[in-house]
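Participant: Sharing a model prediction with you, sequence too.
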Amino acid sequence: MEHSKLTQYTTNDSGSSGESGSALNGHFDDIIKRPDALTRTVSAVPALAAESGSRSTDGREDRTRSAEDSEKSLPSLAAAYTSILRGLGEDPQRQGLLKTPWRAATAMQFFTKGYQEKIADILNDAIFDEDHDELVIVKDIDMFSMCEHHLVPIFGKVHIGYLPNKRVLGLSKLARIVEIYSRRLQVQERLTKQIAVAITEALQPTGVGVIIEATHMCMVMRGVQKMNSTTVTSTMLGVFREDPKTRDEFLRLVRN
């Protein structure tokens, strides 16, 4: 399948705003019927074949918190950081550290603010009926996340492509999907899959491809301390997995 026409964007933008879809990422109330080819592809990946309900792509209960939950937990979170400072041999009462526990607690809540949002909440009025069946690519989306193994940053770029099936998504919403899942404790492999499945659930496209290129501070600052290492992960669904020409076109355009 060749696609001579292309819609391609480079963005660092993000937007906001809910529509119902399936439950693979744990954010939708009812299941949408997908084209057969895409259904086969999703079913072929065990981690994607999650049951209906509030579960994430790895089968765990999807954890969300409200703004009220964050406010209530802030004192206990700050107290935990005070204990950490003492455990490191520091004096939490010295001038430079006096407000550090509160600052660190507030910062950690911001780093994980994706737990306060659901995909359905940001897709309102952002899915449009459009007779467009050529590739749409949004690349170089800035991504910041936290490694769930060491609680240190992961940062890099996300490249998203999809082949519409008579429906398109507002471009900034792709960046918002990235933001919701990246602003949680993560591993890069799961993050890549969650983004791809969320787009699949929302749009029922003919295919979806997601690539993440990221630096992990747990490799740069500690352990093997490889300063220039980059981790690349990808998830291909539908024709992006089944048709080599479509996949190659997406990969070539992302590299360009």
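Facilitator: It's in. Residues are numbered from 1 along each chain as shown.
Participant: Where does the record place the domain boundaries for the protein?
Facilitator: According to the TED database, the chain comprises the domains 67-112, 124-254.
Participant: Could you single out the most deeply buried of the ones you listed?
Facilitator: Highest mean neighbour count of those: domain 124-254, a mean of 19 (counted as mean count of other Cβ atoms under 10 Å). C-betas here are computed from N, CA, C, even on glycine.
Participant: Helix, strand, or coil at Val232?
Facilitator: strand (DSSP: H, G, I helix; E, B strand; the rest coil).
Participant: Tell me how far it lies from Asp142.
Facilitator: 16 Å (Cβ to Cβ, to the nearest Å).
Participant: is it true that Ile199 touches Tyr162?
Facilitator: Yes - counting by Cβ atoms under 8 Å, Ile199 touches Tyr162, with 5.8 Å between them.
Participant: Identify the contacts common to those two.
Facilitator: Pro205, Val208 (Cβ atoms under 8 Å, 6 or more residues apart in numbering).
Participant: TSV please, covering the domains of the chain and showing distance to Lys118 and mean pLDDT.
Facilitator: Listed next are these as TSV, based on distance: least, Cβ to Cβ, whole Å; pLDDT from 0 to 100:
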stretch	distance to Lys118	mean pLDDT
domain 67-112	13	95
domain 124-254	8	94
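Participant: what about the helices in the stretch 51-200 of the chain?
Facilitator: With DSSP state H, counting those that start in this stretch as the definition, the stretch 51-200 of the chain shows helices at residue ranges 67-87, 100-111, 119-122, 171-182, 188-203.
Participant: ok and the fourth one relative to helix 188-203, angle-wise?
Facilitator: Taking axes from the mean of the first three to the mean of the last three Cα atoms, to 10 degrees, one finds helix 171-182 and helix 188-203 inclined to each other by 140 degrees.
Participant: Can you spell out which helices and strands pack onto helix 171-182?
Facilitator: Contacts defined by 3 or more Cβ pairs under 8 Å, 6 or more residues apart in numbering; DSSP states H and E place helix 171-182 against helix 119-122, strand 135-147, strand 153-163, helix 188-203.
Participant: Quickly run through the sheet partners of the third one, with directions.
Facilitator: According to DSSP bridges, strand 153-163 forms sheet pairs with strand 135-147 (antiparallel), strand 207-216 (antiparallel).
Participant: Return the distance of the shortest one from the chain's centre.
Facilitator: The reference is to strand 207-216. 9 Å (Cα atoms, centre = their mean, to the nearest Å).
Participant: how about it as PDB, C-alpha atoms only?
Facilitator: Extracted in PDB, the C-alpha atoms of strand 207-216 (Å, rounded to 0.1, in the frame of the first residue of the first chain):
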ATOM      1  CA  GLY A 207      -3.300   1.600  11.600                       C
ATOM      2  CA  VAL A 208      -1.200   3.400  14.200                       C
ATOM      3  CA  GLY A 209       2.500   3.700  14.700                       C
ATOM      4  CA  VAL A 210       4.300   5.200  17.800                       C
ATOM      5  CA  ILE A 211       8.000   5.500  18.300                       C
ATOM      6  CA  ILE A 212       9.700   6.900  21.400                       C
ATOM      7  CA  GLU A 213      13.400   7.900  21.500                       C
ATOM      8  CA  ALA A 214      14.400   8.700  25.100                       C
ATOM      9  CA  THR A 215      17.300   9.100  27.500                       C
ATOM     10  CA  HIS A 216      17.000   7.400  30.900                       C
END
